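Peer 1: all I have is the shape, not the residue letters:
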């Protein structure tokens, strides 16, 4: 565990030293907030979704985020185009299947991206991940109707089938690459009361993917870091409005030593 903590702290140091460009094709709801979160952790954000520039932009990036929160047909093609270019260049790609299971468009788009783009990581709530595996996966808008404990076995199977990291987020997060796994105990209940916190967790993971070659560790580090920020923000406020600002402050303020000290990752036997 000490070696894990050291690796996490080293990855955070690299983010802040190297300031990797993270290319986001994401939703209107979170664009500003997630860009600020990337700046806060030390990465460099760019939000570019035009089909005419995504290949050029991803060529400059160290990680690509595909987030389906506010879909348009052209955006879908942009995501596929950017994802394929990223694959050719060896740029890690993370998918956030926001609201998959709520409508056929979201579910089918997520499955198409999975089929056509090689993904390093997929992060979603329990219902979103379940919707990628079978018809039981249903969401209430973008909110989960399932708990992580109910679906972690399906997530493990999906990871093994796709040969990619699956992160199911909730009260306790479950992360696996099909061979290894972690549970992440960092986080705070107030995270549920600020819109876009799941999307923000995804871009924090992307920051770690940009500097850590092992996508399982990068995903686990990202969720732990974001969870610690959630805990730290709750020390300053108990109201949802000010919590959103305190969360950005916390993402900015966490030092390498504090990250290592407060990391709560537990290895899971697969």
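Peer 2: Happy to help now that I have it. Here the structure is a predicted model, which is why all the values come from computation and not from measurement.
Peer 1: quick one: the helices in the stretch 1-150 of the chain?
Peer 2: 2-18, 31-41, 54-58, 73-89, 104-116, 126-131, 148-162 (DSSP state H, counting those that start in this stretch).
Peer 1: just say which of those is most tucked in.
Peer 2: Comparing those by mean neighbour count (mean count of other Cβ atoms under 10 Å), helix 126-131 ranks first with a mean of 27. For glycine as for every other residue, the C-beta is placed from the backbone atoms N, C-alpha and C.
Peer 1: packing partners for it?
Peer 2: helix 104-116, strand 139-140, strand 143-144, helix 148-162, strand 165-169 (3 or more Cβ pairs under 8 Å, 6 or more residues apart in numbering; DSSP states H and E).
Peer 1: so who does residue 159 touch?
Peer 2: Going by Cβ atoms under 8 Å, 6 or more residues apart in numbering, residue 159 touches 165, 166, 176, 177, 178.
Peer 1: surely the fourth one touches residue 164?
Peer 2: It stands for residue 177. Yes - using Cβ atoms under 8 Å, residue 177 is in contact with residue 164, at 7.4 Å.
Peer 1: now do the shared contacts for the two.
Peer 2: What both residue 177 and residue 164 touch, as defined by Cβ under 8 Å, 6+ apart, is the set residue 215.
Peer 1: if we can go back for a sec, next, format the helices and strands packed on helix 126-131 as CSV and append mean pLDDT and distance to residue 20.
Peer 2: Output for the helices and strands packed on helix 126-131, formatted as CSV (pLDDT from 0 to 100; distance: least, Cβ to Cβ, whole Å):
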stretch, mean pLDDT, distance to residue 20
helix 104-116, 97, 22
strand 139-140, 45, 31
strand 143-144, 46, 30
helix 148-162, 90, 25
strand 165-169, 97, 18
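Peer 1: dump those into TSV; add distance to residue 46 as well.
Peer 2: Below are the helices and strands packed on helix 126-131 laid out as TSV (distance: least, Cβ to Cβ, whole Å):
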stretch	distance to residue 46
helix 104-116	20
strand 139-140	29
strand 143-144	29
helix 148-162	27
strand 165-169	23
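Peer 1: quick check, central residue of this protein?
Peer 2: By Cα atoms, centre = their mean, the chain has its centre lying nearest to residue 202, at 1.9 Å.
Peer 1: state the distance from that residue to residue 122.
Peer 2: 9 Å (Cβ to Cβ, to the nearest Å).
Peer 1: common neighbours of the two, please.
Peer 2: 94, 96.
Peer 1: still on that earlier bit, out of the helices of the stretch 1-150 of the chain, which gets nearest to residue 248?
Peer 2: Judged by Cβ to Cβ, the one of these that comes nearest to residue 248 is helix 31-41, at 5.3 Å.
Peer 1: who's in contact with residue 156?
Peer 2: Residue 156 touches 166, 176, 178, 181, 270, counting by Cβ under 8 Å, 6+ apart.
Peer 1: most neighbours among those, please name it.
Peer 2: residue 166 (30 neighbours; other Cβ atoms under 10 Å).
Peer 1: related to what we said a few turns ago, from the contacts of residue 159, which is closest to residue 55?
Peer 2: Of the contacts of residue 159, the one sitting nearest to residue 55 (Cβ to Cβ) turns out to be residue 165, at 24.6 Å.
Peer 1: that closest one contacts residue 177, correct?
Peer 2: Yes - between residue 165 and residue 177 there is a contact at 4.9 Å, judged by Cβ under 8 Å.
Peer 1: between these two, point out the one with more neighbours.
Peer 2: Using other Cβ under 10 Å as the criterion, residue 165 and residue 177 rank with residue 165 on top: 28 against 24.
Peer 1: could you give the bridge partners of that one?
Peer 2: When bridges are called by DSSP bridges, residue 165 pairs up with residue 121.
Peer 1: and it, what does it touch?
Peer 2: Counting by Cβ under 8 Å, 6+ apart, residue 165 has contacts 120, 121, 122, 159, 175, 176, 177, 215, 216, 219.
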